[in-house]
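Colleague: please work out how this folds:
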Amino acid sequence: MSTKERAAAIRAELKAHGWKPRDVSVRADHFSMGSAVRVTIKNPAVPPSLVKSIAEPHERIARCSRTGEILSGGNTYITVGYDHDTLKAMAAPVVERLRTVADTPGVRVKAADGWEAWKAKDEPGEYWYAVPKGESYFAPDGHIYCWGMEFCAEQLAKKLADDVERCDSCGRGDGHVSMLGSGGKTCQRCAAEVLADEEEDRPAQESAEPAPAPVRPALRLIQGGAGGEQHALPFGLERPEQLSEPFCACGHVVSQCDGSRAGCTKPGGLTPYQQARKERAERRAARLQRAADSKLSSARAEIEHIPPGQPILVGHHSERHHRVALDRHDRKMRAGIELARAADRAQGAVARAGEAVSGDDPDAVPALRAKLAEMERKREELKAYNRAARNRGEETLPSYMLSNLGANIRRVKGRIAELDAEPPAFEAIEGDGWRVEARPDINRIAIVFDERQPRERTRELKRHGFKWSRREQAWIRMLNRAGISSAQYVAGRLLDGAI
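Modeller: Predicted structure coming up:
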């Protein structure tokens, strides 16, 4: 699993707990000797211990089997910490209390519930202690001893972050926690979702009037995971793992698509064109990953005979060989990291193979029509949910959900109209040593030159969306109105000698 995939898996698990990127951000980072996933908590209501339990299992560190030392290269580190501004805001009340005894060393003050702090009396500088109430500076439950009043307050704020009363379902501790009949704790948000599920599952009572059609809530609590955790998932999903799965054109996740619905032309939810693209991307990702593993292994082999921490012995007969080995290790490690990043990008193309509908796909129009029908059905469900919520006096869904969905519906309709229309006509344009022509068989417009072009001209072609194709031996672009307009503009500049 690549670093980006690990970051995506962490995001999916955090999203299942109801935390959005504005609450916890996850960022993948690469450096010369490995990679890291940096998890930053921005919302004080998010418990750091729960975030660590989600993120830390994704850490991968190679260690020496004999000494236990960390091996260089290819490791993935996980770091969990607070955003700087968030931590300062959490520590602000503690700082105000510590200021009252800043000028009186040795005098204790209540820093927080159950904790006392004081400035060191017999030590020079700004050293501070913080211990559980009534304990000495060597408290058995752990104490804080650090330089600086603000840093001491921040350390205490971190220690207290997991002590607040939190919901058993989502982990939030925003002060709205009540007790369930089973003895557990839940916040108002999760309680409302549980009640909505119970109301949905309750059998309809016999009545002369037909019961109204049930309205699915926007989120449902799903029991999942090895520990029986609860996850809030959008409707249509049954497992937390499906949050990261691509959707078929029929609107179902790929793992649940059997190819029998509208828009499905092959089991798995992929059209033959999409399947071919996915297989090409898989072969490319596998080839790049093998090359990256080989290069990284070769880099480690260059320095495996050098003891860890061995300095270069200047003037010794081994100096030249030592420098050459380090130089080779550095070059191979950099090349391996670049190949690993390329493999990550290719693996991303594999994951996106079933999401996008290409205009080159012969089944593009049926797939887009099925996608449009599913989006319109989803919009009607959201509208029905909002109507039911208003009748019950509850909060409706955010307005951006319907507005974004409407914009996507208009976009898909525009694509269908464009693909249904007759392909635009284009007459070939010729010049001195070049030719612009349409190639409907591959749905491209091509610019063909008799000889290799200078860098300035190729840069201009790339700026207008043309790419070099070794198979076609031409600069090509999609055959549509935008491509024809760009080709005519480039042809005009070529005729005028501007490029």
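Colleague: mind listing the residues bridging to the closest residue to residue 120 other than its chain neighbours?
Modeller: Sequence neighbours aside, residue 127 is the residue nearest to residue 120 in space, at 3.9 Å (criterion: Cβ to Cβ, 6 or more residues apart in numbering). For every residue, glycine as well, the C-beta is placed using N, CA and C. Legend: beta-bridge partners of residue 127 under DSSP bridges are residue 147.
Colleague: how close does residue 127 get to residue 144?
Modeller: According to Cβ to Cβ, to the nearest Å, residue 127 stands 11 Å off from residue 144.
Colleague: before we move on, the earlier item: next up, the contacts around the residue nearest to residue 120.
Modeller: 119, 120, 145, 146, 147 (Cβ atoms under 8 Å, 6 or more residues apart in numbering).
Colleague: now those residues: which count as buried?
Modeller: 119, 120, 146 (16 or more other Cβ atoms under 10 Å).
Colleague: now the nearest residue to the first one once chain neighbours are set aside: phi and psi?
Modeller: Read that as residue 119. In space, and not counting its chain neighbours, residue 119 is closest to residue 105: 4.5 Å by Cβ to Cβ, 6+ apart. Taking degrees, to the nearest 10, you get phi -60, psi 140 for the backbone angles of residue 105.
Colleague: do the same with residue 410
Modeller: phi -60, psi -40.
Colleague: tell me, how many residues neighbour it?
Modeller: 10 (other Cβ atoms under 10 Å).
Colleague: still on that earlier bit, of the contacts of residue 127, closest to residue 292?
Modeller: residue 146 (42.1 Å; Cβ to Cβ).
Colleague: the nearest residue to that closest one once chain neighbours are set aside in helix, strand or coil?
Modeller: Using Cβ to Cβ, 6+ apart and skipping residues adjacent in sequence, the residue nearest residue 146 is residue 152, 5.2 Å away. Three-state assignment for residue 152 (DSSP: H, G, I helix; E, B strand; the rest coil): helix.
Colleague: pLDDT on stretch 278-290, on average?
Modeller: The pLDDT scores in stretch 278-290 average 90.
Colleague: how about the contacts made by residue 341?
Modeller: Neighbours of residue 341 in contact, by Cβ under 8 Å, 6+ apart: residue 30.
Colleague: I'd say residue 153 and residue 98 touch.
Modeller: Yes - the criterion here is Cβ atoms under 8 Å, and residue 153 meets it with residue 98 at 6.0 Å.
Colleague: Provide a list of residues in contact with residue 409.
Modeller: Residue 409 neighbours (Cβ under 8 Å, 6+ apart): 372, 375, 376, 379.
Colleague: same check, this time on residue 358
Modeller: Residue 358 touches 273, 274, 277, 364, counting by Cβ under 8 Å, 6+ apart.
Colleague: which of these tops the neighbour count?
Modeller: Ranked by the number of neighbours (other Cβ under 10 Å), these place residue 274 first, at 26 neighbours.
Colleague: what about dumping the CA coordinates of stretch 357-377 to PDB?
Modeller: The C-alpha trace of stretch 357-377 is given here as PDB (Å, rounded to 0.1, in the frame of the first residue of the first chain):
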ATOM      1  CA  VAL A 357     -16.600   8.300 -18.400                       C
ATOM      2  CA  SER A 358     -14.300   9.100 -21.400                       C
ATOM      3  CA  GLY A 359     -15.600  10.500 -24.600                       C
ATOM      4  CA  ASP A 360     -13.600   7.900 -26.400                       C
ATOM      5  CA  ASP A 361     -15.700   5.100 -24.800                       C
ATOM      6  CA  PRO A 362     -18.300   3.700 -27.300                       C
ATOM      7  CA  ASP A 363     -20.600   3.100 -24.300                       C
ATOM      8  CA  ALA A 364     -20.100   6.700 -23.000                       C
ATOM      9  CA  VAL A 365     -23.700   7.900 -23.800                       C
ATOM     10  CA  PRO A 366     -25.500   4.900 -22.100                       C
ATOM     11  CA  ALA A 367     -23.200   5.200 -19.100                       C
ATOM     12  CA  LEU A 368     -23.800   8.900 -18.800                       C
ATOM     13  CA  ARG A 369     -27.500   8.500 -19.100                       C
ATOM     14  CA  ALA A 370     -27.500   5.900 -16.300                       C
ATOM     15  CA  LYS A 371     -25.400   8.200 -14.200                       C
ATOM     16  CA  LEU A 372     -27.800  11.100 -14.800                       C
ATOM     17  CA  ALA A 373     -30.800   9.000 -13.800                       C
ATOM     18  CA  GLU A 374     -29.100   7.900 -10.600                       C
ATOM     19  CA  MET A 375     -28.100  11.500  -9.800                       C
ATOM     20  CA  GLU A 376     -31.700  12.700 -10.400                       C
ATOM     21  CA  ARG A 377     -33.000   9.900  -8.200                       C
END
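Colleague: now it: how far from the chain's centre is it?
Modeller: Remark: stretch 357-377 is offset 26 Å from the chain centroid, using Cα atoms, centre = their mean, to the nearest Å.
Colleague: send me stretch 80-87 as PDB with only the CA atoms.
Modeller: Provided in PDB are the C-alpha atoms of stretch 80-87 (Å, rounded to 0.1, in the frame of the first residue of the first chain):
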ATOM      1  CA  VAL A  80      -0.500  12.900  15.200                       C
ATOM      2  CA  GLY A  81      -0.500  16.300  16.700                       C
ATOM      3  CA  TYR A  82      -2.500  19.500  17.200                       C
ATOM      4  CA  ASP A  83      -2.700  22.500  15.000                       C
ATOM      5  CA  HIS A  84      -0.600  25.300  16.500                       C
ATOM      6  CA  ASP A  85      -3.600  27.800  16.700                       C
ATOM      7  CA  THR A  86      -5.800  25.100  18.100                       C
ATOM      8  CA  LEU A  87      -3.300  24.100  20.800                       C
END
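Colleague: in that stretch, what's buried?
Modeller: 80, 82, 86, 87.
Colleague: which ones among those residues map onto strands?
Modeller: Mapping the buried residues of stretch 80-87 onto strands (DSSP state E) picks out 80, 82.
Colleague: rewinding a little: which member of the contacts of residue 127 is positioned nearest residue 71?
Modeller: Checking the contacts of residue 127 one by one against residue 71 (Cβ to Cβ), the nearest turns out to be residue 146, at 32.6 Å.
Colleague: I'd say that closest one and residue 155 touch.
Modeller: Yes - Residue 146 lies in contact with residue 155 (Cβ under 8 Å); the separation is 6.0 Å.
Colleague: residues in contact with the residue nearest to residue 146?
Modeller: Counting by Cβ under 8 Å, 6+ apart, residue 152 has contacts 98, 117, 128, 130, 144, 146.
Colleague: change it to 7 Å
Modeller: 117, 128, 130, 144, 146 (Cβ atoms under 7 Å, 6 or more residues apart in numbering).
Colleague: reformat these as CSV; add distance to residue 347.
Modeller: Shown next, in CSV, are the contacts of residue 152 (distance: Cβ to Cβ, whole Å):
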residue, distance to residue 347
117, 50
128, 49
130, 47
144, 44
146, 43
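Colleague: now restrict the contacts of residue 409 to buried residues only.
Modeller: 372, 375, 379.
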